[in-house]
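A.B. asks: pasting a predicted model and its sequence here:
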Amino acid sequence: GAHGDAIRFLVEAEKLPFMEAIELLANMAGMKMPEPSKADMMREKKRTDLLEIMEQVCRFYQNQLFGPNGAKAREYFQKRGLSAETAQKFRLGYAPRGSVLLKFLEEKKFDLKACQSLGLLARNNQHQTLHDYFYDRVMFPVFDRKKRVIGFSGRVLEKIEPKYLNSPETELFHKGEQLFELR
């Protein structure tokens, strides 16, 4: 019952962004890609910047897991039968207590509003301050089809709720369109 053209088919069936669908079809047909508009280039630059933030945060969580802050998280993974090699292969990490990620993002001079829009930071409205969205959780990155980090899922180490916390819907992460651990 579907209708439309090849581009719409790829966008809907493969959940590809519009420009990626065009690029795929052009490559299949042996054609040169059309030149993107200035607006397209700005959108792609913003998306690239957001993906770079997510990649850096994934590395940060990995470093936390294998650093002095991550002993409790490493013990949790070990009890669950996951080796250090498995944790590295799947890029697992740890989000420590406190606003350690916020400090890291500030040091890297990332745009904190962009980080908040990615679900990495949350605002305390009472005190008008930012804090880490994920803390004291083992972290599981969520990847897109190109193996780029687009979100996270975190599991608490203690008995508090919510047990699992996922990235909110963002410009990069759309829960209903992602298959966890798609590689």
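C.D. replies: Okay, I see it. Numbers count the residues shown, from 1 in each chain.
A.B. asks: can you give me the strands in this protein?
C.D. replies: 93-95, 121-124, 129-132, 137-143, 149-156, 164-166 (DSSP state E).
A.B. asks: of these, which is nearest residue 39?
C.D. replies: In terms of C-beta to C-beta, the element of those nearest to residue 39 is strand 149-156, at 22.1 Å. C-beta coordinates here come from the backbone N, C-alpha and C atoms, glycine included.
A.B. asks: now that closest one, how far from the centre of its chain.
C.D. replies: 7 Å (C-alpha atoms, centre = their mean, to the nearest Å).
A.B. asks: check contacts around the residue nearest to residue 122 when sequence neighbours are not counted.
C.D. replies: Among residues not flanking residue 122 along the chain, residue 133 sits closest, at 4.6 Å (C-beta to C-beta, 6 or more residues apart in numbering). By C-beta atoms under 8 Å, 6 or more residues apart in numbering, the contact list for residue 133 reads 119-122, 165.
A.B. asks: give me the buried subset of those residues.
C.D. replies: Neighbour counting by 16 or more other C-beta atoms under 10 Å classes 119-121, 165 among these as buried.
A.B. asks: just give me the longest helix of this structure.
C.D. replies: helix 38-66 (DSSP state H).
A.B. asks: so which elements touch it?
C.D. replies: Counting contacts by 3 or more C-beta pairs under 8 Å, 6 or more residues apart in numbering; DSSP states H and E, helix 38-66 packs against helix 71-79, helix 84-89, strand 93-95, helix 100-107, helix 112-117, strand 137-143, strand 149-156.
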